[in-house]
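> Return atomic coordinates for the entry below.
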Amino acid sequence: MKTEKLMEFLISPDSTVADALQRIDGNGKGILFVVNSYRKLLGVVTDGDIRRWLLKNGELKGAVKRVMNQKPKVAYRKELPLGMELMCRYKIAALPVVNAKGVILDIVFREEPKSPDAEQNCSLQETPVIIMAGGKGTRLYPYTKILPKPLIPIGDIPIMERIIARFRDFGARNFFVTVNYRKSMIKAYFTENVSDYELSYVEEEKPLGTAGSLGLLPAEFTRPLIVTNCDILIHADYGDILQCHKDSGNEMTIVTALKNIVVPYGVIHSSENGAICSMEEKPRLSYFVNTGMYILNPEILKEIPKDTFFHMTDLAAKLMGEKRKVGMYPISEDSFLDMGELEEMRRMEQKLNLKSE
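This next block holds a predicted model:
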């Protein structure tokens, strides 16, 4: 591996967790190796390590050295074949190659063989998925003057079809779609394209918001359900999201994504009488934002008022006001793709490498 490529996987121990998430997005492998200024290996941090840190109320500004595994597996150059065996035995995705002083020389990655006979992920096989597709998509005018938002193509495939395909990768087969605006077009398209899953429609007579239409669902549910907006794609392990919801004891879990905002100016910090205490050039602010994907326990559907405009955020606020448990599942910035606005739609196409489709 060339030095410039190697540097994509290295981070200093004093870098923040927010920095690490951004770097992990950049290298696309879900892992970073923590090194000192001489490139000596100190530890390893994965996206899973960071998620567990954040779920334990760890701060985004916390140092990576507080999150890292300080005893990573390594391979020495002369023993690389043994290292490859180690990766297979312990299912290690990436292994640093070091010299006798512990300096990283290279990184090797374990490639998972893709077999057509491989068992399908069935972690969502019994989980109902509700796709909220009733809105007009006014932010996407003029596209939505012709097509409803769920049928706007990303590449040559409508966004809602991509969403369903992603859930199908995890074994989901029971889908409900709330519809209102141009619903006949949506139903006509999927009538011709539904094959190996069940798709039911929940028809709004009037706009009911992102949660109000859940009161129209025809089924009684006995297990947690997933609710998602029709204009987002989440690149994460959906089975892990569901399991995290169950393990945490949440009644509602909101999938959140890191959002970094750079202030394009030098920021002045002042004290009394206008005295300047410090200056900060183009600071970066980091927040977690609501992606529009939720996991709900079935009993909280009773908390949604009937025939009333009601958003998912209203439901979350109601539960929190009653001291009931609402939690989050954090993902990185590039794991959240949103086509709610034209610029974001172009970003989604670029991220999915669809320019050549």
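> could you say which helix or strand contains residue 188?
In this assignment (DSSP states H and E), residue 188 forms part of helix 183-193.
> Starting from the helix or strand following that helix, tell me which strands it pairs with and how they run.
Counting by DSSP H and E, the next helix or strand C-terminal to helix 183-193 is strand 198-203. If you go by DSSP bridges, strand 198-203 pairs up with strand 174-179 (parallel).
> By mean pLDDT, which helix or strand of this structure comes out lowest?
Across the helices and strands of the chain, mean confidence by mean pLDDT, DSSP states H and E is lowest for helix 143-146: a mean of 63.
> other SSEs contacting the next helix or strand after it?
Per DSSP H and E, the first helix or strand lying C-terminal to helix 143-146 is strand 153-154. Judged by 3 or more Cβ pairs under 8 Å, 6 or more residues apart in numbering; DSSP states H and E, strand 153-154 is in contact with helix 342-351. All C-beta atoms are positioned from the backbone trio N, CA, C, and that covers glycine.
> Could you give the separation of the helix holding residue 188 from the chain centroid?
Offset of helix 183-193 from its chain centre (Cα atoms, centre = their mean, to the nearest Å): 28 Å.
> and what of stretch 158-178?
Worked out by Cα atoms, centre = their mean, stretch 158-178 lies 16 Å from the chain centre.
> That one spans what distance, first to last residue?
Distance across stretch 158-178, first residue to last, is 16 Å (Cα to Cα, to the nearest Å).
> Can you show me the CA trace of the strand of greatest length in the chain as CSV?
The longest strand of the chain (DSSP state E) is strand 284-296. The C-alpha trace of strand 284-296 is given here as CSV (Å, rounded to 0.1, in the frame of the first residue of the first chain):
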residue,chain,number,x,y,z
ARG,A,284,-16.4,23.1,12.5
LEU,A,285,-19.6,22.3,14.4
SER,A,286,-20.8,18.7,14.8
TYR,A,287,-24.3,17.6,15.5
PHE,A,288,-26.4,14.5,15.2
VAL,A,289,-29.5,15.0,13.0
ASN,A,290,-32.7,13.0,12.6
THR,A,291,-32.4,10.9,9.4
GLY,A,292,-36.2,10.1,9.2
MET,A,293,-35.8,6.4,10.2
TYR,A,294,-37.4,5.1,13.4
ILE,A,295,-37.9,1.9,15.3
LEU,A,296,-41.1,1.8,17.4
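> The residue lying closest to residue 229 once chain neighbours are set aside and residue 233: what is the separation?
Nearest residue to residue 229 in three dimensions, chain neighbours excluded: residue 292, at 3.5 Å (Cβ to Cβ, 6 or more residues apart in numbering). Distance from residue 292 to residue 233, counting by Cβ to Cβ, to the nearest Å: 11 Å.
> Parallel or antiparallel, which strands does the helix or strand hosting residue 33 pair with?
Following DSSP H and E, the helix or strand that holds residue 33 is strand 31-35. In the sheet, strand 31-35 lines up against strand 10-11 (parallel), strand 41-46 (antiparallel) (DSSP bridges).
> What lies in contact with that strand?
Strand 31-35 is contacted from outside by 9-13, 20, 23-24, 41-47, 64-65, 68, 72, 93-94, 96, 104, 107, using Cβ atoms under 8 Å, 6 or more residues apart in numbering.
> Show me how far it is from its chain's centre.
Strand 31-35 sits 21 Å away from the centroid of its parent chain (Cα atoms, centre = their mean).
> and stretch 63-73, how far from the chain's centre?
Stretch 63-73 has its average C-alpha position 23 Å from the chain's average C-alpha position, going by Cα atoms, centre = their mean.
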